[in-house]
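3D, please:
(chains A and B)
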Amino acid sequence: MTDLRYEAPATADAAIALLAKATGTTRILAGGTDVLVQLHADMIEPELVVDIKRIPGLNGISREAGGWRFGATATGIELMDHEGFSKAWPGIIDGVKLIGSMQVKGRATVAGNLCNASPAADSVPPLMSSGVIATVVGPNGKRDIPVSDVCTGPGKTSLAKGEIVTSFFVPDAPPHSGSAYLRFTPRTEMDIAVVGVSVNITLDASGTCTAATMALGAVAEKPILVPDAAKALVGTKVDEAALDKLAAVASAACRPIDDKRGTKIFRIKVAGVLAKRTAAIALQRAKGGAK
Amino acid sequence: MARHHVNCTINGDHVDYLCDTSQSLLDVLRDELELTGTKEGCATGDCGACSVIVDGVLVCSCLAMGAEMNGKSIETVEGMASGNELHPLQRHFIDKIALQCGICTPGLLMASRKLLERNPDPSEEEIRFWLAGNLCRCTGYNNIVDAVKAAAAEMRGA
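Numbers count the residues shown, from 1 in each chain, chains lettered A, B, ... in the order given. A predicted model of the protein is given here:
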């Protein structure tokens, strides 16, 4: 990395221009918890690193009409410490809390977790099952896309050259909604998901499920939405039979690989087990329970 | 290679330094500023030996670039004692024999200090989860947890 250039532009337009003009490999630097590791290991040799933390407007967590918006440089700890956001979106916070140590969460961002495009990224399934929209700006202007359209494979995204995720919009959930994310790892902390499951549930006043979404991590080439989750839960009281159906749907959606962290068969089985456990927590939260 | 001129504050003192793009904050602290209290363990953000506090946030200095630090306030283990008076955490780490080789100790002290700022009375579980990003291969952690508890009690005046 002999010719590595570091730039910290003051506007998103300047950042886009730098990235669009570069001919070699580039990296956007937010928290840096993936980029610095890749640099150190000589996995990447970029010509340009663009630090986006000096760009006003890319930070912070705020309310806007119909939902929450948080910036691309909002760190894990900022999200966890934000009382309003963490109360409204416990499922997203479940995922954020599992990203590395306190030290890592002090720097790491959700935007980085998404754009690093690991199939096992812990914050991505909850963003997907919560219908979160990524705002992307680039040389051809601004577009809003579902988070589920960003990651296309291990380390790959749908973002074009020069495009940057600038913020996320989290649309408000209806009343009686709950969300949760669980993952399986051999260790309790500091580990990479073998399977991750995120579930969002909405109930009506009588406790019948009216909407349900589920996303899975680490069981495919990218985090995936499981549309059949709604078929398993909607119209039920999210009882044991419905949860068994959800488990079957989760396992059926998996297309994992064998690797050192888990075999295919294990991941498929665990996805079902975790789907039930995650849905049970989301249900409690939808009913207004603490957990 | 481009050299970056950075102005920042370290342990309350104004510092300016020159660094290469390839140098992490950890490299700058140790190699440019001779603040060798902060240790390098894994250099990939797993072990926490390089923990410092930047603008009030606990981070791994191996995962931050030196070039990023313009205008930042950085706290390292060198700033923990007041003159010859050790910080309560430092004293209790010694009293409880919460170290052996000492490589992890500066990072554990910084992480523990941040924990006690946020939560003056953490449970054992809270201490263990907070310190999950700091690896120690000598002590088995029990003495570290005891030292943090004892320091917390003293700092609360309990």
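
does the closest residue to residue A:37 other than its chain neighbours sit in a helix, a strand or a coil?
Spatial nearest neighbour of residue A:37, chain neighbours left out: residue B:44 (4.8 Å); criterion: CB to CB, 6 or more residues apart in numbering or on different chains. C-beta coordinates here come from the backbone N, C-alpha and C atoms, glycine included. State at residue B:44, reduced to three classes by DSSP: H, G, I helix; E, B strand; the rest coil: coil.

What of residue A:58?
coil.

burial count for the residue nearest to residue B:89 when sequence neighbours are not counted?
Leaving out its chain neighbours, the residue that sits closest to residue B:89 by CB to CB, 6+ apart is residue B:151, at 4.4 Å. Residues near residue B:151, counting by other CB atoms under 10 Å in any protein chain shown, number 24.

In a strand, residue B:151, correct?
No. Using three-state DSSP, the assignment for residue B:151 is helix, not a strand.

any chance you could map the strands in chain B?
For chain B, the strands defined by DSSP state E cover B:3-10, B:13-20, B:51-54, B:57-60, B:73-75.

cool, and the stretch 151-291 of chain A?
Taking DSSP state E, counting those that start in this stretch to define them, one finds strands in the stretch 151-291 of chain A at A:151-153, A:156-157, A:164-171, A:177-184, A:195-203, A:209-217, A:224-225.

What does the pLDDT read for the residue nearest to residue A:246 when sequence neighbours are not counted?
Nearest non-adjacent residue to residue A:246, counting by CB to CB, 6+ apart: residue A:232, 4.2 Å away. If you check residue A:232, the pLDDT there is 98.

Please report the distance of residue A:232 from chain B.
Per CB to the nearest CB, to the nearest Å, residue A:232 is found 33 Å from chain B.

Name all residues that make contact with that residue.
Residues near residue A:232 by CB atoms under 8 Å, 6 or more residues apart in numbering or on different chains: A:212, A:242, A:245, A:246, A:248, A:249.

Check residue B:151 too.
Residues in contact with residue B:151, defined by CB under 8 Å, 6+ apart, are B:88, B:89, B:91, B:92, B:112, B:116.

Let me see the confidence value for it.
On the pLDDT scale, residue B:151 gets 98.

go on, residue A:186?
89.

doesn't residue A:194 make contact with it?
Yes. Counting by CB atoms under 8 Å, residue A:186 sits close enough to residue A:194 to count as a contact (7.5 Å).

what sits in contact with each of these two?
By CB under 8 Å, 6+ apart, the residues touching both residue A:186 and residue A:194 are residue A:261.

So between these two, which is more surrounded?
More neighbours surround residue A:194 than the other of residue A:186 and residue A:194, with 23 against 9 (other CB under 10 Å).

Report the contact partners of residue A:277.
residue A:182.

likewise residue A:281?
Residue A:281 sits next to A:178, A:180, A:182, A:199, A:291 when contact means CB under 8 Å, 6+ apart.

in the sheet, who's paired with the first one?
Right, the one you point to is residue A:178. Counting by DSSP bridges, residue A:178 is bridged to residue A:201.

what does chain A have sitting close to chain B?
Chain A has residues A:1-6, A:8, A:29, A:31-33, A:36-37, A:39-41, A:49, A:51, A:53, A:75, A:77, A:100-104, A:106-107, A:188-190 near chain B, with proximity defined as CB under 8 Å from any CB of the partner chain.

Show me what from chain B comes close to chain A.
B:1-2, B:4, B:21-22, B:24, B:43-46, B:48, B:51, B:57-60, B:62-65, B:67-68, B:70, B:111, B:114, B:129-130, B:132-134.

So for the residue nearest to residue A:37, what's the pLDDT?
On pLDDT, residue B:44 comes in at 94.

Could you find the lowest-pLDDT member of the contacts of residue A:281?
Minimum pLDDT across the contacts of residue A:281 falls on residue A:291, with 45.

Report the contact partners of the closest residue to residue B:47 other than its chain neighbours.
Take residue B:47 and drop its neighbours on the chain: the residue closest to it by CB to CB, 6+ apart is residue B:41, 3.6 Å away. Applying CB under 8 Å, 6+ apart, we find residue B:41 in contact with B:47, B:48, B:49, B:50, B:103, B:104, B:107, B:135.

Just the buried ones out of the contacts of residue B:151, please.
Among the contacts of residue B:151, the ones that count as buried by 16 or more other CB atoms under 10 Å in any protein chain shown are B:88, B:89, B:91, B:92, B:112, B:116.

Including pLDDT and distance to residue A:169, could these go into TSV?
Below are the buried ones among the contacts of residue B:151 laid out as TSV (pLDDT from 0 to 100; distance: CB to CB, whole Å):
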residue	pLDDT	distance to residue A:169
B:88	98	45
B:89	98	42
B:91	98	49
B:92	98	47
B:112	98	38
B:116	98	37
